[in-house]
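In: okay, sequence plus prediction incoming.
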Amino acid sequence: MIATPPIVEFVVTGDEVMRGTIADTNTAWTAARLYPLGLSLRRTVVVGDRGEDIRRALLEASVRADFCIVSGGLGPTSDDLTVECAAQAAGVGLRLDEAWLQRMRERWAARRREPMPKNNERQAYLPEGAEMLGNPDGSAPAFSLRIDRCTFFFLPGVPREYQRILNEMIVPRLARATGNAALRTRVLQCYGVTESRLDEMVAPIRAAHPEVRFGFRTKFPENHLSLAALAPDEETAARALATVEARCREALAGFVYGADGVTFAQAVGEQVAARRETLCCAESCTGGLATQLLTEVPGSSRWTQGAFVVYSNELKQSALGVPAELIRQHGAVSEPVARAMAEGARRASGATWSPAITGIAGPDGGTPEKPVGTVWLALAGPGGTRTKHSHFRGDRGQVRTLAAYGALQLVREALGAPPLPRHFWEVGQGASPGKA
């Protein structure tokens with residue numbers, strides 16, 4: 001056990017990253033995984049595919065850090081230099097891992113008819129003294145190697161492979177280095193509350209439970225609360241997380257719509273499906289966005305009956321039966337038209353619930369009476385039709401997103417969720433100055 005938090009550094013290799021051809025997503029992803037452990041990246045270095053630069057980066061980290069994660073450069077081509085540079089930095093030669101070579105050949109034979117190219121054999125060589133970690137999803141094996149004071153973890157740069165290896169093989173080792181062996185996490189996904197208000201609401205719980213780390217993340221138009229319990233054993237970690245999660249859910253009440261990756265639309269859809277009911281949206285300014293959110297989840301046919309995207313006034317009339325006189329008298333963006341759209345969609349589809357959206361997303365089209373961001377929402381259901389007037393701030397994309405979420409929120413409230421604060425409907429989630 002290290003008395004103080006270990007120093008962790010990160011080295012990213014690759015000309016593609018240096019040129020901006022591909023984005024380095026592994027650094028941010030890694031930092032998010034280290035935070036619950038009580039660790040943070042002290043330094044990140046990005047180098048191109050030059051042996052001298054890679055060796056220098058490894059040697060510099062070896063005298064500063066306790067752990068260093070290295071991403072990339074483990075492929076079969078001539079510009080994949082990380083293995084050779086690691087051996088040179090450690091002052092050792094290379095050894096052939098016969099078991100990995102055999103695995104590569106078998107994997108290749110199972111997927112292709114031609115023989116494995118000779119240059120792929122490079123991926124079976126590791127520095128002398130390195131520990132083979134492997135790769136469940138690819139041919140570039142991860143490995144660890146001690147250089148000076150630092151334990152290095154060399155991982156393939158492909159995000160899908162990198163992330164699985166880090167989660168399954170590296171994070172447990174780093175957790176043990178902090179004196180703990182078990183990590184339990186939960187992400188509570190919230191809608192209708194700003195990040196600052198979310199922090200304020202859970203502050204007393206955070207102060208009372210230092211054994212659990214709290215983190216906050218804005219994912220417009222949502223805000224997420226991450227909880228991480230790190231403990232010497234699984235039982236202690238699970239108990240600490242369960243206690244804090246229950247208290248946070250109680251404090252946040254209806255703002256929490258789901259956890260650990262469920263989408264807002266999916267949470268609403270699952271509620272509808274559990275009641276053996278269905279949805280059909282009528283959308284104007286959102287152009288089908290609400291329906292897209294509802295249907296991007298596998299199995300969404302259980303709750304989605306269909307949709308009407310009625311951008312023009314003529315289609316509102318012909319597809320949904322919106323009276324032309326309503327549009328002439330009140331305008332397309334109005335309570336009567338939103339109500340007629342919702343009721344027309346429900347009547348035509350036979351769905352249990354029909355949310356409707358009509359508004360001015362901008363950047364043009366606003367008037368002093370109906371500025372950009374004006375949105376009328378309606379929900380037709382078994383108990384009648386309810387409407388909601390909103391004025392959402394932001395650019396065109398943000399207004400459309402907030403309108404789609406707002407329509408789904410009406411469904412959520414009709415199914416029993418507590419109503420959102422009144423000010424939400426004027427500015428929308430993420431409405432704190434600078435946060436949207």
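Out: Nice, thanks for sending it over.
In: list the buried ones in stretch 217-226?
Out: Under the neighbour-count criterion of 16 or more other C-beta atoms under 10 Å, stretch 217-226 has 218, 220-226 buried. Just so you know, the C-beta spots here come from the backbone N, C-alpha and C atoms, and that holds for glycine as well.
In: which helices and strands does the helix or strand encompassing Arg95 pack with?
Out: In this structure, Arg95 sits in strand 94-96 according to DSSP states H and E. Helices and strands touching strand 94-96, as assessed by 3 or more C-beta pairs under 8 Å, 6 or more residues apart in numbering; DSSP states H and E, comprise helix 82-90, strand 125-127.
In: in whichever strand or helix holds Gln102, what's buried?
Out: Assessed by DSSP H and E, Gln102 sits inside helix 98-111. For helix 98-111, a neighbour-count test (16+ other C-beta under 10 Å) marks 100-101, 103-104, 108 as buried.
In: I'd say Cys150 and Ala65 touch.
Out: Yes: Cys150 lies in contact with Ala65 (C-beta atoms under 8 Å); the separation is 4.9 Å.
In: next one: the nearest residue to Glu426 once chain neighbours are set aside from Glu98, what distance?
Out: With C-beta to C-beta, 6 or more residues apart in numbering as the criterion, Glu426 has its nearest non-adjacent residue at 5.4 Å, and that residue is His391. Using C-beta to C-beta, to the nearest Å, His391 is found at 68 Å from Glu98.
In: cool, and Arg186?
Out: 43 Å.
In: just Ala240 next, same as before
Out: Computed as C-beta to C-beta, the Ala240 to Glu98 distance reads 45 Å.
In: same question for Met116.
Out: 15 Å.
In: check Arg112 too.
Out: From Arg112 to Glu98 the distance is 21 Å (C-beta to C-beta).
In: hey, where'd the helices end up in the stretch 101-250 of the chain?
Out: All helices of the stretch 101-250 of the chain, identified by DSSP state H, counting those that start in this stretch, fall at 159-165, 171-177, 195-208, 234-252.
In: okay, buried residues for the first one please.
Out: When neighbours are counted by 16+ other C-beta under 10 Å, the buried residues of helix 159-165 are found to be 161-165.
In: how far does it sit from the chain's center?
Out: For helix 159-165, the separation from the chain centroid amounts to 15 Å (computed by C-alpha atoms, centre = their mean, to the nearest Å).
In: what does that helix contact?
Out: The contact list for helix 159-165, computed with C-beta atoms under 8 Å, 6 or more residues apart in numbering, reads 25-26, 29, 71, 133, 135-138, 140, 142, 155-156.
In: any idea how far Ser349 is from Phe10?
Out: 52 Å.
In: same question for Thr27.
Out: 6 Å.
In: can you check which residues contact both of those two?
Out: Residues within reach of Thr27 and of Phe10 at once, by C-beta under 8 Å, 6+ apart, are 41, 44, 71.
In: surely the second one meets Thr13?
Out: Read it as Thr44. No: proximity of Thr44 to Thr13 does not meet the contact threshold set by C-beta under 8 Å, at 11.9 Å.
In: okay, those two: which has more neighbours?
Out: Thr13 (29 against 17; other C-beta atoms under 10 Å).
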